[in-house]
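A.B. asks: Provided below for reference: sequence and predicted model.
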Amino acid sequence: MEAFPPSLPFPFSYMLNTATSAGPSAFLANTISSDPWMDPRIWSRLPRQLLDRVIAFLPPPAFFRARCVCKRWYGLLFTNAFLELYLHLTHRKRHWFVFFKLKSPKNSFVYKNGGSSSSSISSNTTNIWEGYLYDPYELAWYKLTFPLVPSGFSPSASSGGLICWVSVEAGPKSLFLSNPIVGSLTQLPPTLRSRLCPSIGLSVTPTSIDVTVAGDDMISPYAVKNLTSESFHIDGGGFFSLWGINSSLPRLCSFESGRMVHLHGRQYSMNYSPFSVLAYDVVENNWWKIQAPMRRFLRFPSLVESSGKLLLVAAVEKNRLNVPKSLRIWGLQSCGTTWFEMERMPQQLYVQFATLENGNGFHCVGHGEFIIIIIPGSGKALQFDMENKLWQWVPPCPYFQYGGGGDGDLHGFAYEPRLATPVTVLLDQLTNPFQSFGVVN
């Protein structure tokens, strides 16, 4: 087999050995040891089906390095037989994260990319979005690019290997779903209501897509109010709703974070002034409030999902009581109304953390057993392993240079890299007038 030219772009940035080879056997001969169990004369004769099965189990960075070997390995990503094999295998879940360099005016986490607005941002001079994939197991960073995402869109949510991008201009919101591993981009129908900077909730399963857009209803060209939410649904059973499910929001709600956390068929978001948690049942189409723990003493609370639990991470300050300042983690109990304290940051570490944070706040993202706490303006982040009870500083991202002065900070989403997300084919069927669907209004 002919070696594939190493000059072609790949989704991951890393150092590659550009020495040419004649195929997989030459690649193995150049990289393996003299161990007789790794004799290339044996491994080069593996049946193709078995070799494809081995490749399908590789983690994404190793998979894309392997694609440099030859044309056949490079073309596996576009081969139906290989993708079907990949989808039928049981893969170890990779609780990774994807970060973007974003600006936030004041306390809002909704951003602009490109354009001439003073509040807009761009990850580089060419207006092509860059993302930074973080592996918390190996403490490793990889760079991703999003050349297909048009200007005027910002990342807003992630689920099932897909990242949701939302338009930043006021009005009905346009949304895209992208798989950065394979470079796909799929558009959703625009929302029906005009909004400014709504909160976005996303839930993607192998057979369905649910999107919830809430708050920031434009009641005039110059004013917004948190009044309603609207939902999009499509599934493999042939039913879909094009933003036809609407619901009224609770009184006095504020989606300042712009984020939602999906768990067990519900979307959760922090509510500010006063602190509480907004919950939305996707099936019942119903919103309600959950009282936050120690709400009078919380600073910069964030909601994260970790190993199937909804967690609240916040700093605690009791100025009038003899209680040391701390950062705590609470979990929502199965009853869905009360919280229990799970963890506290060690006091010595909290002193270091508070010195860096310096009252400027922090934000969190969780995935699996990991919670990442980012300190804006410092270039620092903490990683907490819930299973091993281990706190450690995240190594700096080599692709991100913090310039200070409002230049932008890293904001992250939970992300599980996947080579195939066939559920997006359902969106393509919306454009086919001859498909038989049941419409939910």
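C.D. replies: Nice, I can see it. No experiment lies behind these values; they were computed from the predicted model shown.
A.B. asks: please count neighbours and contacts with C-alpha atoms only from this point.
C.D. replies: Noted.
A.B. asks: flag the shaky bits of this structure, pLDDT-wise.
C.D. replies: Within the chain, the segments meeting pLDDT under 70 span 1-38, 103-126, 256-257, 319-323, 403-407, 431-441.
A.B. asks: please enumerate the helices of it.
C.D. replies: Assigned by DSSP state H, the chain shows helices spanning 24-31, 40-43, 48-56, 60-66, 71-74, 80-88, 347-357, 425-429.
A.B. asks: which of those helices is buried the deepest?
C.D. replies: Neighbour counts (mean count of other C-alpha atoms under 10 Å) averaged over each of the helices of the chain peak at helix 71-74, with a mean of 18.
A.B. asks: chain center to that one, what's the gap?
C.D. replies: 29 Å (C-alpha atoms, centre = their mean, to the nearest Å).
A.B. asks: hang on, the earlier thing: okay if I get the helices of the chain as TSV plus distance to residue 248?
C.D. replies: Shown next, in TSV, are the helices of the chain (distance: least, C-alpha to C-alpha, whole Å):
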stretch	distance to residue 248
helix 24-31	59
helix 40-43	62
helix 48-56	45
helix 60-66	42
helix 71-74	50
helix 80-88	39
helix 347-357	37
helix 425-429	27
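A.B. asks: and the ones you listed: which comes nearest residue 341?
C.D. replies: Nearest of the helices of the chain to residue 341, taken as C-alpha to C-alpha: helix 347-357 at 15.9 Å.
A.B. asks: how about the helices of the chain, which one is nearest residue 161?
C.D. replies: Of all those, helix 60-66 comes closest under C-alpha to C-alpha, at 11.9 Å.
A.B. asks: ok, back up a step: and residue 287, which of the helices of the chain is closest to it?
C.D. replies: Per C-alpha to C-alpha, nearest to residue 287 of the helices of the chain: helix 425-429, 26.9 Å.
A.B. asks: ok, and what's touching that closest one?
C.D. replies: For helix 425-429, contacts defined as C-alpha atoms under 8 Å, 6 or more residues apart in numbering pick out 186, 187, 188, 234, 235, 236, 435.
A.B. asks: what separation is there between the closest residue to residue 339 other than its chain neighbours and residue 345?
C.D. replies: Of all residues not flanking residue 339 in the chain, residue 332 sits nearest, at 4.6 Å (C-alpha to C-alpha, 6 or more residues apart in numbering). Here residue 332 is placed at a distance of 19 Å from residue 345 (C-alpha to C-alpha, to the nearest Å).
A.B. asks: ok, now residue 236?
C.D. replies: Applying C-alpha to C-alpha to residue 236 and residue 345 gives a distance of 44 Å.
A.B. asks: more crowded one of the two?
C.D. replies: Neighbour count, other C-alpha atoms under 10 Å: between residue 236 and residue 345, residue 345 has more, with 17 against 14.
A.B. asks: list the contacts of that one.
C.D. replies: Taking C-alpha under 8 Å, 6+ apart, we find residue 345 in contact with 326, 327, 328.
A.B. asks: surely the first one and residue 343 touch.
C.D. replies: It refers to residue 326. No. In this structure residue 326 lies outside contact range of residue 343 using C-alpha atoms under 8 Å: 10.5 Å.
A.B. asks: the more surrounded of those two?
C.D. replies: Relative neighbour count places residue 326 above the other of residue 326 and residue 343, with 19 against 14, counting by other C-alpha under 10 Å.
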